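Enquirer: Okay, predicted coordinates and the sequence, questions at the end:
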Amino acid sequence: PSKNDYETGFLLEDLYGITRKDLQDLGKVISDPRQRPRKEYNHPPDSAMSLIYGIVALKVKEQGEWHWVSA
């Protein structure tokens, strides 16, 4: 929530910009089906990644105290 849309609009655009491409039609011959990826996502912008990391950090904080050795 923000008074001005421009303060948060870029985050929404970055999150909406995460797309998936289908890799099933690549034509590579791979004998082991476990080695054939079916879906791949493009890497999100840094602003979206920081938001994702922040949400994950809040979930970890709720579970207990985090320590770098346990990571």
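Expert: On my side now, so go ahead.

Enquirer: residue ranges for the strands of this protein, please.
Expert: Along the chain, the stretches classed as strands by DSSP state E are 20-22, 39-41.

Enquirer: how near is L12 to D5?
Expert: Note on L12: its distance to D5, by Cβ to Cβ, to the nearest Å, is 9 Å. C-beta coordinates here come from the backbone N, C-alpha and C atoms, glycine included.

Enquirer: Quick check: closest non-adjacent residue to P44.
Expert: Spatial nearest neighbour of P44, excluding adjacent residues (Cβ to Cβ, 6 or more residues apart in numbering): I18 at 5.0 Å.

Enquirer: what packs against the longest helix anywhere in the chain?
Expert: Longest helix in the chain, counting residues (DSSP state H): helix 46-63. Helices and strands touching helix 46-63, by 3 or more Cβ pairs under 8 Å, 6 or more residues apart in numbering; DSSP states H and E, are helix 9-16.

Enquirer: Now do the buried residues in the helix it packs on.
Expert: Residues of helix 9-16 classed as buried by neighbour count (16 or more other Cβ atoms under 10 Å): D14.

Enquirer: could I have it exported to CSV, CA atoms only?
Expert: Provided in CSV are the C-alpha atoms of helix 9-16 (Å, rounded to 0.1, in the frame of the first residue of the first chain):
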residue,chain,number,x,y,z
GLY,A,9,4.4,0.2,-9.4
PHE,A,10,7.9,-0.9,-10.5
LEU,A,11,7.8,-3.9,-8.1
LEU,A,12,4.5,-5.1,-9.6
GLU,A,13,5.8,-4.7,-13.1
ASP,A,14,9.0,-6.6,-12.2
LEU,A,15,6.9,-9.4,-10.6
TYR,A,16,4.6,-9.5,-13.6
